[in-house]
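>>> Sequence first, predicted model second:
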Amino acid sequence: MAKNPPKIIGIGGLPRSGKDTLAELFVQAGYFSASFGDILREFARERHKDKPDPISVANMTETSNWLRATRGADVILQEALHQFAEKQQAGAEYEGAILQSIRAPIEVDFILSRGGELIWVETSDTVRHARALKHLRKGEVPTTLKEFKRQEALQWQPQPGIPAEAQMNISYVKTHATCALVNNDDSLEVFLKKAAELIESLSR
């Protein structure tokens, strides 16, 4: 009897919303996870290595637009799928695949066209900014809340001068999400409980 195809679940949300934590819980439940953010950060670290903040939101956005314009709008998606296929070819078995940090319409359309789910992790700007200041990654520098929001605005709608299909469009991701998870509570325990309940419902 043929096996059902693996479930495809995307996770979208703004930086520091809790996407990484949610993806890790899916991994613990038997899913493969590919972080589009991690893939993009590697490119940004090299492309902006002469700057003090190579993986700032602004530099990540610029790198993403450059990659999609020069290598195809689905370049990051294809890299993630390649990683998944390699694991499967090596004999690994998973409940499904988690595609983390969905940012572009082409990624959303891929997931939904295959009957997948798209989770939007909703967290307020002030909560996310506080988390960003508390947990700076190498290649990030502190910013004000105003600057934090200004840089993120570059991801909400296509910017002029670059083909729309090659850009991030967070509005598209959020409006096409099939479910949402609110993460405004300071309690990790509360978030983990909500996430566990969501994972259980999607894994049935």
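Okay, I see it.
>>> number of nearby residues for the closest residue to Val27 other than its chain neighbours?
Among residues not flanking Val27 along the chain, Ser33 sits closest, at 5.0 Å (CB to CB, 6 or more residues apart in numbering). Bear in mind the C-beta positions are built from the backbone N, C-alpha and C, glycine included. Residues contacting Ser33 under the criterion other CB atoms under 10 Å number 23.
>>> Could you do Ile55 as well?
For Ile55, the neighbour count with other CB under 10 Å is 22.
>>> Kindly tell me how buried the closest residue to it other than its chain neighbours is, as a neighbour count.
In space, and not counting its chain neighbours, Ile55 is closest to Gly139: 4.0 Å by CB to CB, 6+ apart. Using other CB under 10 Å, the number of residues around Gly139 comes to 18.
>>> And Thr126, by the same measure?
12.
>>> Without its sequence neighbours, what residue ends up closest to it?
Nearest to Thr126 is Leu145, by CB to CB, 6+ apart, at 6.7 Å.
>>> thinking again about what came up before, pretty sure the residue nearest to Ile55 belongs to a helix, no?
No: remark: Gly139 does not belong to a helix; assigned using DSSP: H, G, I helix; E, B strand; the rest coil, it is coil.
>>> Would you agree it is in contact with Val57?
No: Gly139 is beyond contact range of Val57, at 11.6 Å (criterion: CB atoms under 8 Å).
>>> Please identify the helix or strand for the spatially most central residue of the chain.
In the chain, the C-alpha nearest the mean C-alpha coordinate belongs to Ser101, at 0.3 Å (CA atoms, centre = their mean). According to DSSP states H and E, Ser101 maps onto strand 96-102.
>>> Nice, that's everything, thank you.
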